[in-house]
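*Asks:* Predicted model and sequence below, questions to follow.
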Amino acid sequence: MRFLVTYDVATDTRAGRRRLRKVAQVCLAYGQRVQKSVFECTLNETQMAQFEHRLVACIDESEDSLRIYRLREDREQYLKIFGVTREIDFEEPLVI
């Protein structure tokens, strides 16, 4: 299943900046950054449950916002990219 994850973490305090780093690290472990606070993830149900649990543990629900969208259609049917993109297609073979 494909998911789009977005977040907005209040960074006016040291604790907020720490939460922001933690949220970004968790997202990087599960998906690909497509914008500064936007990630695309391809996960099964178990991975998604773990991911969600880890994310919610990082944020302060009284100050921060976290949104997770399940993308139901094939990526090509809903995605339009304009401008710079640095994405990697993890469905294709990777050459290192």
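*Replies:* Nice, I can see it. Keep in mind it's a predicted model, so treat the numbers as computed, not measured.
*Asks:* now the residue sitting nearest the centre point of the chain: how far from Val84?
*Replies:* Central residue of the chain (C-alpha atoms, centre = their mean): Phe39, 3.0 Å from the mean position. Distance, Phe39 to Val84, by C-beta to C-beta, to the nearest Å: 17 Å. Glycine gets a C-beta too; all of them are placed from N, C-alpha and C.
*Asks:* can you give me the mean pLDDT across the strand or helix carrying His53?
*Replies:* His53 is located in helix 45-58, with elements delineated by DSSP states H and E. For helix 45-58, mean pLDDT rounds to 96.
*Asks:* What are the buried residues along that helix?
*Replies:* In terms of neighbour count (16 or more other C-beta atoms under 10 Å), helix 45-58 has its buried residues at 48, 51-52, 54-55, 58.
*Asks:* swap in stretch 14-22?
*Replies:* Buried, per 16+ other C-beta under 10 Å, within stretch 14-22: 16, 19-20, 22.
*Asks:* Return the member of those residues nearest to Tyr78.
*Replies:* Nearest to Tyr78 out of the buried residues of stretch 14-22 is Leu20 (C-beta to C-beta; 27.5 Å).
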